[in-house]
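Visitor: have a look; sequence and predicted model below, questions after that.
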Amino acid sequence: MTPLYHDFAGETVVVFGGGSVGARKARGFDDAARVVVVSPAFDERLRSLAGDETASDEGSEPADGPSVELVRAAPDADAVGDWLDRLDPALAVAATDDAAVNAAVESAALDRGVLVNRTDVSGERDPGSVVVPATVEDDPVTVALSTGGTSPALAKALRERIEAEIDGAGEMARLSGEVREELKAEGIAPEKRREAVRRVVRSRGVWKALQKGRSYGRQEADTVIEEVLDR
Ligand SMILES: C[C@@]1(CC(=O)O)c2cc3[nH]c(cc4nc(cc5[nH]c(cc(n2)[C@H]1CCC(=O)O)[C@@](C)(CC(=O)O)[C@@H]5CCC(=O)O)C(CC(=O)O)=C4CCC(=O)O)c(CCC(=O)O)c3CC(=O)O
Ligand SMILES: NC(=O)C1=CN([C@@H]2O[C@H](COP(=O)(O)OP(=O)(O)OC[C@H]3O[C@@H](n4cnc5c(N)ncnc54)[C@H](O)[C@@H]3O)[C@@H](O)[C@H]2O)C=CC1
């Protein structure tokens, strides 16, 4: 499997199954995509995510923009293809507790060239079938972690470790991004510029100073940069 970051902005993600797994997957996509959950019943978390009043009957049009919409229906294996044709999603998530329905979601999605996430199987996937990784975010930094479907519990445990490990990475990304743009604009020779940026992102002093605040981090970074540029 090859890890990729995919932007679902403006796309629809359909989740079949409104239980605890469907709720977790829906939450993973609702920042960017329009998420439609098709299920006869909905987990408490989904109802609060969507607001009860948005639960609508089969056939109504989804809203524009990122959102979670709950559609009350229990398509059988033969019907899931029609749902995909109607909703035209970029990704379908099979998260029902009915293996036949999940299998039908997978094959109907693969037939239509729609990405599919089968939540009830692990290990090897068919081409076009994706896994949802454990993720850590410190904007604009994101870490995605998969055990290749072998051990989701380990993915979760490793995610918790990394969360602590990359504390402050978002600030560091902004600071070092700013530094590299400035050094480029100043016309510093590429080799020196790269060395300066490499030293900043590895400097314990800069990481520590950033915890106190952006301007402290900037000061410490400037000291490191001056050393490299020898000015
Ligand atoms: C293959 C995959 C398909 C997919 O869903 O994409 C899949 C499949 C299955 N998960 C199962 C169980 C559990 N899943 C979790 C948790 C997570 N599962 C996630 C992803 C994936 N799960 C994909 C592989 C990812 C990889 O490559 O590592 C995470 C990372 C992302 C997310 O889902 O958001 C999220 C952690 C998020 C976080 O915390 O950061 C826990 C832990 C817990 O609940 O505490 C348990 C219980 C412990 C255990 O069983 O390990 C079962 C058995 C169901 C049963 O027994 O019936 C199956 C199906 C099977 O194994 O057949
Ligand atoms: N990938 C993962 O991280 C995990 C996956 N699983 C797997 O995911 C599946 C779902 O787990 P839970 O959410 O805990 O189960 P659950 O029983 O809480 O939820 C299943 C949902 O599917 C709905 N449903 C049933 N028939 C349907 C149909 N024809 N169309 C649409 N929705 C339908 C039910 O109403 C219910 O809301 C299980 O089969 C399990 O094997 C379980 C734990 C973790």
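Guide: Happy to help now that I have it. Ligands and ions are numbered 1, 2, ... in the order given.

Visitor: interface residues of this protein facing ligand 1?
Guide: Within the chain, the residues that sit near ligand 1 (Cβ under 6 Å from any ligand atom) are 24, 28, 117, 119-122, 131-134, 146-149, 151-153, 155-156, 159. Bear in mind the C-beta positions are built from the backbone N, C-alpha and C, glycine included.

Visitor: tell me how many other residues surround Ser67.
Guide: 16 (other Cβ atoms under 10 Å).

Visitor: what separates it from ligand 1, distance-wise?
Guide: Remark: distance between Ser67 and ligand 1 (Cβ to the nearest ligand atom, to the nearest Å) = 19 Å.

Visitor: who's that residue bridged to?
Guide: Arg34 (DSSP bridges).

Visitor: what residues are up against it?
Guide: Residues in contact with Ser67 (Cβ atoms under 8 Å, 6 or more residues apart in numbering) are Asp30, Arg34, Val35, Ala50, Thr54.

Visitor: what segments of this structure are strands?
Guide: Using DSSP state E, the strands of the chain run over residues 12-16, 34-39, 56-57, 67-72, 91-94, 115-118, 134-138, 141-145.

Visitor: the second one close to ligand 2?
Guide: Yes - remark: strand 34-39 sits within contact range of ligand 2 at Val38, Ser39, by Cβ under 6 Å from any ligand atom.

Visitor: close to ligand 2: what parts of this protein are there?
Guide: 16-22, 38-41, 74-75, 95-98, 101, 119-120, 152.

Visitor: select only the buried ones of the residues you listed in PyMOL?
Guide: Here is the PyMOL command that picks out the buried ones among these, judged by 16 or more other Cβ atoms under 10 Å:
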select buried, resi 16+17+18+19+21+22+38+39+75+95+96+98+101+119+120+152
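
Visitor: quick one: pLDDT of the closest residue to ligand 2 within the chain?
Guide: The minimum distance from the chain to ligand 2, using Cβ to the nearest ligand atom, falls at Gly19 (1.9 Å). Looking at Gly19, its pLDDT reads 98.

Visitor: swap in Ser60?
Guide: Value for Ser60, per-residue pLDDT: 50.

Visitor: which residues touch the residue of the chain closest to ligand 2?
Guide: Ser39, Ala41, Asp43, Ala95, Thr96, Asp97.

Visitor: and what of Val13?
Guide: Contacts of Val13 (Cβ under 8 Å, 6+ apart): Ala26, Phe29, Ala33, Arg34, Val35, Val36, Pro89, Ala90, Leu91, Ala92, Val93.

Visitor: swap in Gly17?
Guide: Per Cβ under 8 Å, 6+ apart, neighbours of Gly17: Val37, Ser39, Val93, Ala94, Ala95, Thr96, Asp97, Val101, Asn102, Thr119.

Visitor: and Ala41, how far is that from Val105?
Guide: Going from Ala41 to Val105 by Cβ to Cβ, to the nearest Å gives 17 Å.

Visitor: do Arg231 as well
Guide: 61 Å.

Visitor: surely Gly113 meets Gly128?
Guide: Yes - assessed by Cβ atoms under 8 Å, Gly113 is found in contact with Gly128 at 7.4 Å.

Visitor: looking at these two, which is more packed in?
Guide: Neighbours were counted for Gly113 and for Gly128 using other Cβ under 10 Å; Gly128 has more, 14 against 7.
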